[in-house]
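[1] can't give you the sequence, but here's the structure:
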């Protein structure tokens, strides 16, 4: 069944607002404002992450710390108490040492951090990450790093003079194969 | 003495929003007003993003070394097609973010986070997050200075959560740290998350019927034209290639999409996390705040339901399904209302063919009806008012309680009947009013696109124009009926329509109110 259409029904009070030229002008203005809002704020105002006379030092270390204690050889009695499949004569502590790091720039302490190992048994690696904004130009950097809490453990130390150009990123990392603390 | 409660932020905001909509109506007309099509505009932006994104992806080199060059290679496409594609893609994303924000504001101002619409609200909240994630991820693919800044800022921000053993930011320490594998992650973020967005969008609109996934054609073409023009006049340009050993000192940020990064720089990553989690939690909590009692839902009367499916077709919220009729012959169906989905608009009652007031039965029982305002009560009041009318040319005004207020339109010759929605009005009531003594009938809907229940205005206009069932019969004189689209704040428009009809019917006083008398009464 088709529904008879009746276009004759008065609808004169439909709110059409302005008509003709005024309506066209209104539309152009509103479309223009829309374009202006998007066109402007998609690129302006410019943003400056750092000032033009600054540089960045990134301290980033991820490392598995040393075991918190020395390995120990079990006695025969102790071994006998263990199930046969677990009779490892040498037992080492599972927990790892936290990483500790201190960074001085220009003689001033800018970072002092201790990062705990991850994992429920604290047997995972630990991480330190920090981004420091400093003044560009010559800088004296001193870094101390430790990943061992056993008596007599080594504290890695590095002191360097760097000339940071504006915007430069200097990365402070630790790589045992490269001799310890690295600056790149 | 009447108490004057201070207007709430929401009601003040709603008044302001409605004034803004009326302003836009002046330029576009209410049917083409973009503020009344924000959801559909979001879809348009999404389709533009998908279309331009697919072409861009074909031309894109998905490697860390080739990405930048391939994006710059777009400049070499003929007819500035590269600029057009890139600009359309970026500016559509900006448009999506803008209309999404406006859509949230509009729906909240109308109280649409409550009741049945809670589902739409809650399924919409994750879409905001998906939209931001995929938009930010898109900037990383170019692998210029802005990509470098955004990717690193995002990584540092995510590293504040104790989720990963190794900080994500370590992936951006040196040039050698950024690999093609990391770039694959970027691509997943920008292409995979939008797939999640689309999936979420399907949920968002699942409980709606007759969903517009594109705005009206004129508006669609207008907006595409504006975005294309913008893409050519203000082309999107890359920054210098990413160099991880340097921090860019000046960036031309897209503030509509990347504002979280500078905010984190200016405050802290923790503050931005608190802000993001707080806003999302607030959006998710809003539907659960104390709210007015829900409207009564539609009730089906099996004895009067013929299973014609008109209510099923017209329900804007897909709250009606058809089941086998328990008391009738095999093959006959019965409408079934899902109370969790029914919003209580009454559009189904207006669609029901058994809602006709011409039925001779003492109590007008219809197939589907609203307990708070049954058609029988409407007919009884209409009969009573027309019987008691003393004016020579009484006028009847059927209006929507969400549209222009009829309180101030009272006059000795005017009887007003506010409905849950004008979609609740069976068109035969117009004819019935004229036969019962009314000299003219005003049907006042909300403005086009401004119906509180999405489709009431449209269905009413189509039914009265004879383009939709149940329709107003041909022999009802058009000059005795005035259809006016008057939303909240449009009271002068409604008054003008009443005045216009009053003048017109006075000029028709000698003519019969119904041209022929061919209707048949049903029992």
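    Ah, there it is. Computed from a predicted structure; not experimentally measured.

[2] check contacts around residue A:99.
    A:61, A:63, A:65, A:113-115, A:126-128, A:145-147 (Cβ atoms under 8 Å, 6 or more residues apart in numbering or on different chains). Every residue, glycine included, has its C-beta placed from N, CA and C.

[3] what does the model give it for pLDDT?
    Listed pLDDT for residue A:99 reads 96.

[4] still on that earlier bit, please check the contacts of residue A:99 and keep the buried ones.
    The neighbour count (16 or more other Cβ atoms under 10 Å in any protein chain shown) marks A:61, A:63, A:65, A:113, A:115, A:126-128, A:145-147 as buried among the contacts of residue A:99.

[5] from those, which is closest to residue B:198?
    Using Cβ to Cβ, residue A:127 comes nearest to residue B:198 of these, at 36.0 Å.

[6] What helix or strand is residue B:225 located in?
    Per DSSP states H and E: residue B:225 is located in helix B:217-233.

[7] Does anything pack onto that helix? Which helices or strands?
    helix A:20-41, helix B:38-59, helix B:81-109 (3 or more Cβ pairs under 8 Å, 6 or more residues apart in numbering or on different chains; DSSP states H and E).

[8] how about the last one against chain A, any contact?
    I take that to be helix B:81-109. Yes. With Cβ under 8 Å from any Cβ of the partner chain as the criterion, chain A is reached by helix B:81-109 at B:90-91, B:94-95, B:98.

[9] now the second one
    No. Where contact is defined by Cβ under 8 Å from any Cβ, no part of helix B:38-59 touches chain A; the two come within 10.5 Å at best.

[10] Only the buried residues of the helix or strand following that helix, if you could.
    Next helix or strand after helix B:38-59 toward the C-terminus (DSSP H and E): helix B:67-72. By neighbour count on 16+ other Cβ under 10 Å, the buried set for helix B:67-72 is B:67-68, B:70-71.

[11] now, among those, which is nearest to chain A?
    residue B:71 (16.1 Å; Cβ to the nearest Cβ).

[12] Local confidence estimate at the nearest residue to residue B:85 once chain neighbours are set aside?
    Spatial nearest neighbour of residue B:85, excluding adjacent residues (Cβ to Cβ, 6 or more residues apart in numbering or on different chains): residue B:52 at 5.2 Å. Looking at residue B:52, its pLDDT is 97.

[13] again with residue B:451
    If you check residue B:451, the pLDDT there is 95.

[14] How about it, nearest residue that isn't a chain neighbour?
    Nearest-residue entry for residue B:451: residue B:457, 4.2 Å, with adjacent residues in sequence omitted and distances by Cβ to Cβ, 6+ apart.

[15] tell me the contacts of the one you found?
    So residue B:457 contacts B:422-423, B:445-451, B:485 (Cβ under 8 Å, 6+ apart).

[16] how far is the helix or strand of chain B with the lowest mean pLDDT from where the chain is centred?
    When each helix and strand of chain B is scored by mean pLDDT, DSSP states H and E, helix B:180-187 comes last, with a mean of 90. Centroid separation for helix B:180-187 versus its chain: 37 Å, with Cα atoms, centre = their mean, to the nearest Å.

[17] Now it: buried residues?
    In helix B:180-187, counting by 16+ other Cβ under 10 Å, buried: B:183, B:185-187.

[18] cool, and stretch A:39-46?
    For stretch A:39-46, by 16+ other Cβ under 10 Å, it's A:39, A:41-43.

[19] Output these as TSV; include the columns pLDDT and distance to chain B.
    Converted to TSV, the buried residues of stretch A:39-46 look like this (pLDDT from 0 to 100; distance: Cβ to the nearest Cβ, whole Å):
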residue	pLDDT	distance to chain B
A:39	96	5
A:41	96	5
A:42	95	5
A:43	93	4
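
[20] ok, residue A:26 touching residue B:25?
    No. If you go by Cβ atoms under 8 Å, residue A:26 and residue B:25 don't touch, sitting 9.9 Å apart.

[21] higher neighbour count, these two?
    Between residue A:26 and residue B:25, residue B:25 has the larger neighbour count (other Cβ atoms under 10 Å in any protein chain shown), namely 27 against 18.

[22] would the more buried one count as being in a helix?
    Yes. Counting by DSSP: H, G, I helix; E, B strand; the rest coil, residue B:25 is located in a helix.

[23] re the thing from before, so which of the buried ones among the contacts of residue A:99 would count as near chain B as well?
    Near chain B, judged by Cβ under 8 Å from any Cβ, the entries from the buried ones among the contacts of residue A:99 are residue A:127.

[24] Which ones among the buried ones among the contacts of residue A:99 lie within strands?
    A:61, A:63, A:113, A:115, A:126-128, A:145-146 (DSSP state E).

[25] which one of the residues you listed is nearest residue B:170?
    residue A:127 (7.8 Å).

[26] Tell me the pLDDT of that closest one.
    Confidence score, pLDDT, at residue A:127: 95.
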